[in-house]
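K.L.:
sequence first, then the predicted structure:
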Amino acid sequence: MAIIAIVGRTNVGKSTLFNRISKSSKALVDDLPGVTRDRNYARGMWDEKSFTLVDTGGYIIKDDSLFDQSTREQIFHALQEADMLLFVADGKTGLHPEDSALLNILRRTSKPIFFSVNKIDGPEQQGPLADFYALGVQDIYPISAAHGFGVGELVSDMVKFIPEPASLEAGEEAEVSEIRISILGRPNVGKSTLVNRVLGAPRVIVSPIPGTTRDAVDTLFERDARKYLLIDTAGIRKKGKTKEKLEKLSIIKALQSIDKSHICVLLIDASEGVADQDLHIAGYIQERYRACIVGVNKWDAFDSNPKTRKNFLEDLKWRFRFMPFAPILTFSALTGKGTQKVLP
């Protein structure tokens with residue numbers, strides 16, 4: 001399946017366009033620059049052609065922070081795996097030096113590039129397009145990701161580069177849907193570290209700062225001829241501790257990921273023990289009748305005394321007695337020890 005990566009500097013409307021094309025609201029959208037940090041995936045269909053759409057974080061020239069550096073790395077990973085690149089610029093703010101810098105990087109990939117200028121709400125607002133021809137771009141697509149203007153023409157031209165879908169031979173079965181697995185838990189229990197460990201690649205940004213993951217980040221992968229969709233989610237705090245609008249939206253996304261999952265992995269920090277919030281999250285999973293695995297992370301840092309470990313697991317099993325069907329797995333996402341049990 002063809003992969004189309006959406007790239008551009010911060011706050012140009014990439015996530016809004018991602019949601020428009022994929023006909024979903026999977027990506028968080030906010031006026032605050034830098035809302036998207038990781039790559040986010042969705043499947044799209046246009047003119048009877050399927051593709052995978054990738055939303056990326058905003059490109060910033062300066063590497064002033066850990067998140068800026070990590071976001072740039074995620075963008076470069078997206079460029080490597082993509083078959084086509086959809087560049088998005090901001091028609092309201094006009095041409096920016098970061099547009100030129102990023103476009104030079106894209107051109108070195110030798111992949112098809114479609115150049116769009118967003119926030120153009122109609123033909124009468126196309127005046128700002130003239131500045132962008134200074135980049136040496138032949139075709140510019142004026143679009144409004146928010147209202148849909150010009151998006152249809154853009155995507156129709158992109159999918160022309162996708163080969164016609166092969167028809168199924170007699171007796172051949174259609175593609176089996178992937179198994180969807182959500183990784184859930186409180187902030188900083190190691191969800192993104194576990195995702196990267198399972199995938200064997202730095203798929204999502206990891207840092208010791210709680211709240212690093214803002215969006216529910218989907219990753220399609222295949223193992224032993226079976227397809228999976230792994231969903232890394234934002235940490236779910238208690239309601240009273242959630243004050244920022246963006247964090248509230250992130251938590252809503254995390255809870256929505258339960259609905260679309262077949263299996264939920266509830267991650268617990270062994271060094272902190274079971275908190276009431278862990279039980280609340282388990283309640284959300286049970287209410288939606290989803291299969292569940294209780295994963296005890298950072299087990300390598302826990303007291304090595306066998307009796308202490310046994311008492312801990314017995315207490316954990318008792319506190320989760322309302323979910324007797326959920327197996328309890330111990331592992332270290334950081335070192336990888338025991339993580340093979342999550343996806344045997």
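P.N.:
In hand now; what should we look at? Numbers count the residues shown, from 1 in each chain.
K.L.:
CA atoms for contacts and neighbours, from now on please.
P.N.:
Fine.
K.L.:
below-threshold pLDDT in the stretch 51-200 of the chain: ranges please.
P.N.:
Applying pLDDT under 70 to the stretch 51-200 of the chain picks out residues 61-72, 165-176.
K.L.:
mind redoing it with 80?
P.N.:
By pLDDT under 80, the low-scoring segments of the stretch 51-200 of the chain are 57-78, 164-177.
K.L.:
where along it do the helices fall?
P.N.:
With DSSP state H, counting those that start in this stretch as the criterion, the stretch 51-200 of the chain has helices at 66-81, 97-107, 129-132, 151-159, 191-199.
K.L.:
return the most buried member of the ones you listed.
P.N.:
Across these, the average number of neighbours (mean count of other C-alpha atoms under 10 Å) peaks for helix 191-199, which reaches a mean of 22.
K.L.:
which is the next helix or strand following it?
P.N.:
Note on helix 191-199: by DSSP states H and E, the next helix or strand toward the C-terminus is strand 217-223.
K.L.:
and for residue 8, the neighbour number?
P.N.:
26 (other C-alpha atoms under 10 Å).
K.L.:
residues contacting it?
P.N.:
By C-alpha atoms under 8 Å, 6 or more residues apart in numbering, the contact set of residue 8 is 14, 57, 58, 59, 87, 88, 89, 99, 102.
K.L.:
same check, this time on residue 273
P.N.:
So residue 273 contacts nothing (C-alpha under 8 Å, 6+ apart).
K.L.:
one more pass at 10 Å, please.
P.N.:
Neighbouring residues of residue 273 by C-alpha atoms under 10 Å, 6 or more residues apart in numbering: 296, 302, 312, 313, 315, 316.
K.L.:
pretty sure the fourth one contacts residue 299?
P.N.:
Put plainly, it is residue 313. No - counting by C-alpha atoms under 10 Å, residue 313 does not reach residue 299; the two are 11.2 Å apart.
K.L.:
leaving aside the residues next to it on the chain, what's closest to residue 336?
P.N.:
Using C-alpha to C-alpha, 6 or more residues apart in numbering and skipping residues adjacent in sequence, the residue nearest residue 336 is residue 197, 6.5 Å away.
K.L.:
now residue 269: phi and psi?
P.N.:
Dihedral pair for residue 269: phi -90, psi 110, per degrees, to the nearest 10.
K.L.:
isn't it up against residue 190?
P.N.:
Yes - taking contacts as C-alpha under 10 Å, residue 269 lies within contact range of residue 190: 7.7 Å.
K.L.:
residue 226 contacts residue 177, correct?
P.N.:
Yes - between residue 226 and residue 177 there is a contact under C-alpha under 10 Å: 9.4 Å.
K.L.:
I'd like to know which elements the strand or helix carrying residue 294 is packed against.
P.N.:
Counting by DSSP H and E, the element that carries residue 294 is strand 291-297. Counting contacts by 3 or more C-alpha pairs under 10 Å, 6 or more residues apart in numbering; DSSP states H and E, strand 291-297 packs against strand 179-185, strand 263-269, helix 276-287, helix 306-319, strand 328-330.
K.L.:
now do the third one, average pLDDT.
P.N.:
By that I understand helix 276-287. In this model, helix 276-287 carries a mean pLDDT of 87.
K.L.:
including mean neighbour count and distance to residue 219, could the helices and strands packed on strand 291-297 go into CSV?
P.N.:
Output for the helices and strands packed on strand 291-297, formatted as CSV (neighbours: other C-alpha atoms under 10 Å; distance: least, C-alpha to C-alpha, whole Å):
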stretch, mean neighbour count, distance to residue 219
strand 179-185, 25, 10
strand 263-269, 24, 15
helix 276-287, 17, 21
helix 306-319, 13, 30
strand 328-330, 19, 22
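K.L.:
from memory residue 42 sits against residue 231, does it?
P.N.:
No - Residue 42 lies out of contact with residue 231 (C-alpha under 10 Å); the separation is 11.4 Å.
K.L.:
how about the residue lying closest to residue 286 once chain neighbours are set aside, secondary structure?
P.N.:
Once flanking residues are discounted, residue 286 sits nearest to residue 323: 7.5 Å by C-alpha to C-alpha, 6+ apart. The assignment at residue 323 comes out as coil when based on DSSP: H, G, I helix; E, B strand; the rest coil.
K.L.:
pull the contacting residues for residue 323.
P.N.:
282, 283, 285, 286, 291, 292, 293, 294, 317.
K.L.:
of these, just say which sits nearest to residue 95.
P.N.:
Proximity of the contacts of residue 323 to residue 95 was ranked by C-alpha to C-alpha; the top entry is residue 285 with 46.6 Å.
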